[in-house]
Structure formats: C-alpha cells, structure tokens
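Engineer: pasted the sequence and its predicted model underneath.
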Amino acid sequence: VTTPVIQVPALTLEKSPASLVTDADGSGDITEGDTLSYTVTLTNTGDVALTNVVINDAQLTPASTTCASVAVGGTCVLSGTHVVSAAEAQAGEVVNTASATSTEVPGPTDSNTVTTPVVQVPALTLVKSNATLTTDADGSGDITEGDTLSYTVTLTNTGDVALSNVVVNDPQLTPASATCASVPVAGTCVLEGTHVVRLDEAQAGEVVNTASATADELPAPVVSNTVITPVSSVPPGVPGMTTTKPEPVLATDADGDGRVSAGDTLLYTVTVTNTGETPLTDVRIDDAMLVPDSITCPVVLVGDTCVLEGSYVVAMGDVEAGALANTARASSREVCLAGEPPADGCTATVTIDIEQRPGIAVEKLAELTTDEGTQGRGEAGDVITYSVTVTNTGNLTISGLTVEDSFQGGAPVLLDCAPTTLAPGEVATCTSYTHTITAAEANAGVPLENAVIASGTTNSGSQTVTVTGNAAAVVEVQADQTVIRMSKSAQPTEVRAGDLVRYQIVVENAGDAPLVDGLLVDTPPAGFSYVQDSLAVADGDGAGRLVGTFPIRVDRIDVAPGQTATISYLLRVGAGVRPGMHVNSAVLTSANGQSNVATAQVRLAGDPLMDESLVIGTVFDDRDGDGRQDVAALTGLRLQGGFDATAYVAGSTRIQSNDTSEPVADASAPLLRGLDLGDIEGRQSEADPASARQLVVSQLLAEPRFTDDLVLSNDQGLTLRMDAAGATRLEGEASGASAAIPQVERRVSREAGGYRVDYVVSNAGIQERGIPGVRIASVEGLLVETDPHGRYHLVGVAGGPWERGRNLILKVDTATLPPGSVATTRNPLVQRVTQGIPTRFDFGFTLPGGRIAAPEQVMEIELGSVMFPPGSAELREGHGPVLDGIVGQLQGRGAGELVITAEGGAEALGFERARAVQRALEAAMPEGLGGITVSLRTDPTDPASSVARIGASPVLGTVLFDTGKAEVAPRYGALLDAVAADIERRAAEAEGALAVGIVGHADRRGSDQANMALGLRRALAVFDALATRLSPELRQRLRVDISQDPDASVRNTEGGE
C-alpha cells in the first residue's frame, strides 16, 4: 500500500548584525566611508530539498549568491560588504534587508531588517580668497594707503550633518560678518566684504587678514587661511603725541556725603594719543600719585592710544590745602624721550578744588537720676544729671575746643572736656554734673532749660576760622497738684426741639496750689449747638475765653486756693435730637491736675408724628402669583379696522353698552379710522360674567367683506388682533400690575338693509381683590384684622434709632385664610421701618379657584304629543297639574329642557306646540324661565335633530339644510310659515328688531373662513324665505342671527341676550 505524504517546503532567512571591517577615519565609530560586513544565512526548515536557491542583498558586494540545492536542514550563505554612504551618514543609520527565492518557495522571502547606527560628524572648511583691488585711491595701480580691497570668505559644510546658526566673521571687513540659519551637507555660506588700507599697514608693507566661523554643532570657532596682501611702503613720517588727563571720578565715597573728603578714593585716567605720522614704541606713562603709578605700551600705531588708569586716596592735608593737583608724564623712543625736559604734549596736569566744611555738633542730655514723684517730671528735691558731648562733623581738624554751660539763662560755666583737638568725626566728652530742683523752680511750673555753647578753631588754607555749636536740655517740672471740684446744672430740664438751655458750671479750688490757665472741655449732647456770644466767665482775673464750640472749650481759667469760678452758656436743642434723656459732661484740666467730670441732663419729649412709624398694607388674592396686587381694568380702549370700506353703509355705526346706545357721527366708515371706546372694569370674581360690562360696536355692511386688520389696543400694552375669519390672537405683555384680558367677538346678522356686524368688546380679567377678615400678627404680639377690602394699618409703631430705623416682622395667620391658599409673597415679611415714614406690608395669597354655585342638574323631559289634541297646538283641558309637576321638577334642579316631537311633515305644528308650552311655562313661572328651554326635535332622543329652540326669539337648527348647502329644504316651507306667523305675533307685542337665530356650523373639518361664509349664506336664505312671508313693515324689522354654538340664544335689539 502506497500512502502519499504532503510535502511542505519552507525556509528562514537570517541576517547578522554589521561588523566594522575598515575604519576609514580611525575614529573607532561607524562613520561615512567606513566598510561594514554582513552575513545572510538561509536555512531549509521544510521537509523537502530546495533547488535553485538565490539570496539577494542589493546593498552588499557581492549582491547575491546561488545554491543549486539545499537539503532539509541545510543552509545557503551570502557574505558581503557595504561602504557607508553620505546619505546614510546624514540619516544617522544604515538600514539593510535581504531576500531569498527558490523553485519550491518562489517568495521572495525577506530576512530580518538590520539597522546599524552611523555616528554623524559635523565639519566645515573656511577659505578666504586673495584680496582684489576694488578702488585705487591714488591711481597708482599699486595697493597703497587708502585703497579699497575686496575679500570673499567661503564656508563649506564638509561634514555629514547640516550646520545651523552659522556665522562667518572677519572684523577687518565691511560688513564684518554673515549669518546663515542652516547650511546643508556640501552647502556653503559666503561673506563678501571690503577693507580700506590703513597707514600702519602701508608702513608695515602688508595687509594680514584671517576670518573665522562658528556653528551650533561645532564646539569651537574654525579659522580660515591667512591672506597676506603686499602694500607699497611709504617713508616714515614725523612722530608726535598728546597727553590728556580729565578730572577724576569719585570711585569710593568713604563718608557717603557725595563730596570729595579725606579717605575718599579718586579714579584718574591718563591717555596718550599717537598724533604723528609713524608708530611709537615703548610708550610709557608715569604718575607717582596713582596706584598703579605707570604703564608701558610696546607699540602705539598712528591714531591709537595708550591709557593709564589709577586711583588715589585723598589725604587730610589735601583737604586742608583746599585743592589737589596731579601731573602725569609720557615718553617714547621717538618723541618725549625719557630723561629729557618734557615738551608740549608730554605731560598733563589736573587740579580739583576740595570743599572745606568745618563744623561741630553739640549734644546735651538731661536725666532725672533722682525722680521721687511723677516719673519723667522734675519735682522739688529731684536731681538732674547733665552730660555733654561735642562731635567734629566737618572735614577739617578742630583745635582749642572750649565748652560753656548756662542754666536758666544764668552766667556761663566752663566745662572740662577732652580732647580739645578733634579730627573729623572725633568726639569730645565733657565731665557730667548735677542739679537739684528747688521748690521755687518746681512751683513756678516753667520747664528748666540748660544751654551749652562749644567753640574751636580750624585752618582753612591760610586763614584761621572759629567754629561754634550749641545745644539745650529741657526738663519738665511739676508743681504740687491742685484739687478742683466742679458741679454742673441745666435750666430748664424739660425741653423740646428749638428750646434754649442754660448750663452753669461752678469750679471750686479745694487744694493749696492755685489753678492757673485751666482748660474747660464741655461736650454737648448730639444735636445741641452753642448759642453765639452766650458765654460768661467769672474767675480770678476775668480773662476766660471761648476757643471751641464742639466740644465747648474755655481756657485761661484762674482760681486761687479756696475760691470758686462760674462759667455759663446757652445751648439750642436741634431738630434732629431724639426723645429721651440727653447728658453733657464737662472736665477741667491744667498743668497741675484734672477735675472730676461734672454732668447735667435734660429730657426731650417725643413727637409721635416724627418719632413713630405708620404701617399700612393689604392682604390680596394674587391670582397670577406675581406678588403684586393687579388691577384688571382695561383703559384707553381703541378699536380699528376689520372690514372692506366699500361695503360700509354710511351712518350705521353705533356704540352700545349695557345701559346706553349712542350713534357715531360719520362721513365714512369711522371704525376704519379707529373708535375710542373708553374703559371696561375687570370682573369681580369668576361668577361675575364679562357680558355685564361689555361694549358693542355695531354697524351695517352691504356685503360681509372682512379683512385681517382689526386691532383692539389699550393703555395696558395688550394688543388683540382679529383676522377675516373671526379668529383672534393676543399680543404683548401687560405693563405694570395688570390682570386685564381683552376679548372681541364678531357677530353677524342678516337684516333688510344688509348685514348687521356687531363687535362685542369685553374684559375677562378678574380684579385681584383684598381678602377680608385676615389676621396679621407681629413678634411683639400686635394683632390686626383686614377690613372688607383686605386693608389694614398699624399706628404708633416704634421706628427705632433715627439714623437707621429697625426691622419689623409681620406674619399672616394662614388659619384665617381659605384652605388651600398659597402664599406668593414672603410670610413672615421683614422690612425696615423708620421714624416718620409710612411703610407698606403687602401679602399676596392665591386662593383656591373654582366657582361656588348651587348644584345644577339638567333635566330633559319628553312631552311628545299627549298634552295636545290631534292636529292641534292648544293644550288639553286639565293639563295644569301635569304642567305644575313639570315646573316643580325643573325649579328644583335649576335647569332643564322640554322636548316636543316634530313628526315628519308636521314641523310647523310641532313649532306651534312648542311655543304654546313655552308660553304656559312663562305664565307658571313669573320670575322667569332661567335655564329652562323648550326644544323641537325630529328625534326626541337625539339633540342633533333639533329643528328649533323656542325662546323670546326662536333659534332654528341645522336640519333645515343639507350638509354643505345654503338652500332651505322645500319640505320645511310650512315650518317657515309658522315662524313668520310667530314673528307677526311678536311684532304686535314689542317694538324693535324681530330676531330669528340659526345655527351656522357645518363641516367641522372645513376652515373657519369656509364655515363662516356658509353660515352667512344660510342666514341670507332664511332671511329671504321669511321676508317673502312678512309685510314690508315687518320685513324692515326682521333680523337673522347666526352662531356656531347650537346652544346660543338670540341677541335682543340692544345687543344683549
């Protein structure tokens, strides 16, 4: 049995890392030009021998090797070398991958990739070209002094990495440098410049020039080749020099006074300039006063300098001389030869003046070395120790120092002081001495002054100057304490604003020492003011005077021991003074003591009008929850637009209210120009109908052509717009606190003269009324209850301090509100109350909504035809009890509907029967039918089959017309006859319009515009049908109203219901 085995040929290709074979630059690193060796090994890893095996590596030399066959597990090897290229050196690495193919594994199969780092070596060369004669100044054809040479300096990047921030410099050229942001490998950066041959170069016979270059990658500048350009020589010229020495600079100010003084350091600069025609050699500058005192310059070219900088410390002798002179000398081998008398330009002298400032400062100190009484004040028996020092504060030596001391202006005494000769800043100290204070000195109360005068002489140049200084020491003394008692009284003690109060102060000296020059300080109460010229002082010498009014200050009060003085004055009570007790206090001070504090008080009675506050407020039904009591009234009503002017019947406009009906004088349609309707008050509650205060603008149109521009505006900022279909939209927001809701309804009726259009303007807004009987409490325990309008007030409320008032907290007792009431303002409410200013505390609550009414149960009673004889509209005899029972049931429920059946073809009879029942009910209910109606239906159980609803004016149902049609079905001719007969009966009973209503709604899916047009056509059809059945007189009074509401009633002549 022979079983075939599937053979799987496979191979692997492994490339070894590179080895450095040849190090071209001997750096030991792999760099450009170095030779690398690689070994690529193919191994047969399959289960079948491989034939025609080829290993390729394009980067190696050799680039490939071929093995005819490689057995399983056998190998095939390619060994080769690679020289690192410039591109690889710039990249920083050598990347190498080999591949292999065979007959069995066609591949090619790649080896691993070997990446060998290459060290990048930045390098550059800098070559400077030979000079080119650009400008031949003297036209000699040779390079001479003043000629212009041009040079080119070329930098080449000879490394294997780009160079950055390259700068080529040559200070002898113009320009002196060139900058290249980056120079690639093998790239260049060039400096081109010119040079003008100098005299020294002409004398030297050549121009020597070298450039340099720097780059971020190189650690040090690279220098170019040196270019030497021969210059035609010139004969030596005449040598010459000048020596200059400006005034010195104050380098160190020893005493910090900013002026030259002994010990200060001055900095001198001596400059020698070669002013000749030939270089100077061995130039030497000497200045014996300076440190260093000399300098030697080997060569000073023409126009160049040699400089000596040195310092000098000012001596006392310089200061005493008043001036400092300094001379420097220069020499060279060519001019100003050493050892010879100096000629012009060989020396320089500078002299500065030194300011002489003789001066002494004297300091004298007095210390109470024995201080038995009040510390720091001298009293009888205390000992004062005096010390004196004298300091030389000038910059000259003081000699022959003498110091004289004088006590209290007495004869001077010479003090013993040492030393008597003082250098600047030196101090002389005198022997201290003492003085014992006598009783007379202490009781005099005059400070003890001890003065000292010091003097000495100094030499200022050739003159002798005397210098003096003085000082004094003062010791305060204290006499025996005086004993002062004061009493104070006020008259009157009960005052009001504007009153004058006389204050009297009695000062008694109960001690042994006299009171001399006492000062009385009296602080009036706040708001009290001094009355001018009211002060009276009765003391020892009568010299007391007023020196201040707030506080009141009186000085020069003298009282001998055992005596008294009296001071009196007037104060006026100011308007801003608060009620209560007001105290002012006075105290008397002197050098020998202080009195007690004397007080007097007065009482200011309160003024309720100015000192108390009034609290007023309202608790109201905040229906919109905005925290404000809103007014629902509409004011400044103006109605304008809404119809085509060509359809208007002149003189037909009237404005009707619930009480009046006034025509509007017009020459054209006044509503298009706008009608001012006045005001409409808001509703008082939800039970108050808006119709109770409505206004009606009525006019006659030949055709019902309406527009979209009817606008109702008002002072509240609300705008109501109506389109041609009668739809309205409200725009804007009411300004201020307003709860008004304007409404406009358009009603259209068919009359003999055209179409009666009534715009019914009403206000559905409800006033936010006050809530009566609500209890409010304060934290102080005050209780108040609102009146029938929700108002309350509190009088006599304390206003707190006049300058800031006080906080008052009021809270509504929610138990006195209907359950479910929600606060819309803070409760409790905290506000600031102030004296004399009323403050409002308003509380808003949203009361539970809903209209409270008696239960209403609508009752529907089907009478059928049992109460009538066949074919008759007269009620049967004995119907009274039945009718009374029906009335009782309806009155008990408040509303109801009596349904009469209109049998097919007998709608006219049914209409007459319904009218008979209606009249019978009116007779039985003289107070009015209220919500009780009588209806005629083709199907008693279906309200939509209503033929007519009987009231003061009948309302015909939609059964008269087919869907979407405006023609009365012929079968209802008898019914229209009955309606016409009913109109004639009504015409005999009342004047005015004879109204008939129809329900105009049609397809609920149609637009308002289409349904309105259909309703108008139906009204016209009913009007025409009835008009043919009436006399011309009644025809003029006929009006057919249209409504989309099947339960709507017919308006009366004046626009009501």
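Structural biologist: In hand now; what should we look at?

Engineer: helix or strand with the lowest mean pLDDT in this protein?
Structural biologist: Of all helical and strand segments in the chain, the minimum by mean pLDDT, DSSP states H and E falls on strand 857-862, at a mean of 61.

Engineer: next structured bit after that one?
Structural biologist: Sequence order places helix 880-893 as the next helix or strand after strand 857-862, per DSSP states H and E.

Engineer: and that following helix, average pLDDT?
Structural biologist: Over the span of helix 880-893, the pLDDT mean works out to 70.

Engineer: also stretch 423-431?
Structural biologist: pLDDT averaged over stretch 423-431 gives 89.

Engineer: ok, stretch 9-28 next?
Structural biologist: 89.

Engineer: alpha carbons of it, as CSV, please.
Structural biologist: Coordinates of each C-alpha in stretch 9-28 appear next as CSV, following Å, rounded to 0.1, in the frame of the first residue of the first chain:
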residue,chain,number,x,y,z
PRO,A,9,8.7,23.3,1.6
ALA,A,10,9.9,26.2,3.9
LEU,A,11,12.9,28.3,4.6
THR,A,12,14.1,31.0,7.0
LEU,A,13,16.5,33.9,6.2
GLU,A,14,18.6,35.4,9.0
LYS,A,15,20.9,38.5,8.5
SER,A,16,23.6,39.1,11.1
PRO,A,17,24.5,42.5,12.6
ALA,A,18,27.1,44.5,10.7
SER,A,19,30.8,44.3,11.6
LEU,A,20,33.2,47.2,11.1
VAL,A,21,35.8,45.9,8.7
THR,A,22,37.5,49.2,7.6
ASP,A,23,37.6,52.3,9.9
ALA,A,24,38.4,55.0,7.2
ASP,A,25,38.9,57.9,9.7
GLY,A,26,40.3,55.8,12.5
SER,A,27,37.7,57.2,14.9
GLY,A,28,36.6,53.8,16.2
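
Engineer: can you give me the neighbour number for residue 683?
Structural biologist: 21 (other CB atoms under 10 Å). All C-beta spots, glycine's among them, are computed from the backbone N, C-alpha and C.

Engineer: and the nearest residue to it once chain neighbours are set aside, how close does it get to residue 176?
Structural biologist: Spatial nearest neighbour of residue 683, excluding adjacent residues (CB to CB, 6 or more residues apart in numbering): residue 766 at 4.6 Å. Residue 766 sits 97 Å away from residue 176 when distances are taken as CB to CB, to the nearest Å.

Engineer: just residue 778 next, same as before
Structural biologist: 95 Å.

Engineer: which one's more surrounded, the two?
Structural biologist: Taking other CB under 10 Å, residue 778 and residue 176 do not tie; residue 778 has more neighbours (17 against 13).

Engineer: partner residues bridging the more buried one?
Structural biologist: Following DSSP bridges, residue 778 is listed with bridge partners residue 810.

Engineer: hmm, residue 813 and it touching each other?
Structural biologist: No - Residue 778 is beyond contact range of residue 813, at 11.6 Å (criterion: CB atoms under 8 Å).

Engineer: wasn't residue 918 part of a helix?
Structural biologist: Yes - looking at residue 918 with DSSP: H, G, I helix; E, B strand; the rest coil, it is inside a helix.

Engineer: which residues of the chain fall in helices?
Structural biologist: 86-91, 199-204, 316-321, 439-443, 608-611, 670-673, 880-893, 907-924, 973-989, 1008-1027, 1032-1037 (DSSP state H).

Engineer: pLDDT score for the residue lying closest to residue 448 once chain neighbours are set aside?
Structural biologist: Excluding the flanking residues, the one nearest residue 448 by CB to CB, 6+ apart is residue 475, at 4.6 Å. According to the per-residue confidence, residue 475 scores 86 in pLDDT.

Engineer: show the contacting residues for residue 475.
Structural biologist: If a contact means CB atoms under 8 Å, 6 or more residues apart in numbering, then residue 475 has 366, 368, 378, 384, 437, 447, 448, 450 as its contacts.

Engineer: out of the helices of the chain, which gets nearest to residue 49?
Structural biologist: Residue 49 lies closest to helix 86-91 among those, at 38.2 Å (CB to CB).

Engineer: which parts of that closest one are buried?
Structural biologist: 88, 89, 90 (16 or more other CB atoms under 10 Å).

Engineer: reformat the residues you listed as JSON lines; add distance to residue 699.
Structural biologist: Formatted as JSON lines, the buried residues of helix 86-91 follow (distance: CB to CB, whole Å):
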{"residue": "88", "distance to residue 699": "105"}
{"residue": "89", "distance to residue 699": "106"}
{"residue": "90", "distance to residue 699": "101"}
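
Engineer: show me what residue 593 bridges to in the sheet.
Structural biologist: The partner list for residue 593 in beta bridges (DSSP bridges) reads residue 590.

Engineer: how close does it get to residue 482?
Structural biologist: Residue 593 is 5 Å from residue 482, by CB to CB.

Engineer: what residues do those two have in common as contacts?
Structural biologist: Common neighbours of residue 593 and residue 482 (CB under 8 Å, 6+ apart) are residue 511.

Engineer: who has more neighbours, those two?
Structural biologist: residue 482 (23 against 18).

Engineer: pLDDT score assigned to that one?
Structural biologist: 78.

Engineer: wait, it touches residue 590, no?
Structural biologist: Yes - counting by CB under 8 Å, residue 482 does reach residue 590; the two are 6.5 Å apart.
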